[in-house]
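Peer 1: I'll drop the sequence and a predicted model, then ask my questions.
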Amino acid sequence: MINWINLEQAAQLDSIREQSFSRPQLIYKHSIRCGISSMVKGRLERQEAPAGIDFHYLNLIGFRAISNKIAEDFRVQHESPQVLLIKEGRCVYSASHGDIDMAAIAEQA
């Protein structure tokens, strides 16, 4: 089971970056208007979440400015749905749409 941490303030990105030096941080960017996003989120939630990773959930519709800041801060192109795995202050893994896979996340963590 994933224990989502809602990402609702840009200042949380600094904390995510800082925490990534002690444990991996995953950001899941989700569009509540997109069927693919719902399918991917459901698939993730049905799989065993790797221990030792913090999972952050970003609602793109409500917090688009944060998504833009994520793209800028971690130097990734915006996608939706999208996961970013942050370790040691930088994005070490990014996947979108059907490429989002818990096994790949665990391998990169």
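Peer 2: Received it, and whenever you're ready, just let me know what you need. Numbering: from 1, shown residues only.

Peer 1: use CA for all of it now, contacts and neighbours both
Peer 2: Will do.

Peer 1: show me where this protein has its helices.
Peer 2: 12-19, 35-46, 64-74, 102-108 (DSSP state H).

Peer 1: for residue 92, which of those is the nearest?
Peer 2: helix 102-108 (7.5 Å; C-alpha to C-alpha).

Peer 1: not counting its own residues, what contacts that closest one?
Peer 2: The contact list for helix 102-108 (C-alpha atoms under 8 Å, 6 or more residues apart in numbering) reads 44, 47-50, 85, 92-93.

Peer 1: what mean pLDDT does that helix get?
Peer 2: For helix 102-108, the mean per-residue pLDDT is 92.

Peer 1: who does the most centrally placed residue in the chain form a beta bridge with?
Peer 2: Geometric centre of the chain, nearest residue: residue 27, 1.7 Å, by C-alpha atoms, centre = their mean. Per DSSP bridges, the residues bridged to residue 27 are residue 56, residue 84.

Peer 1: residues contacting it?
Peer 2: 55-58, 83-86.

Peer 1: and what of residue 31?
Peer 2: Neighbour list for residue 31: 37-38, 59-61, 80-81 [criterion: C-alpha under 8 Å, 6+ apart].

Peer 1: out of the contacts of residue 27, give me the one that has the most neighbours.
Peer 2: Among the contacts of residue 27, the one with the most neighbours (other C-alpha atoms under 10 Å) is residue 86, at 27 neighbours.
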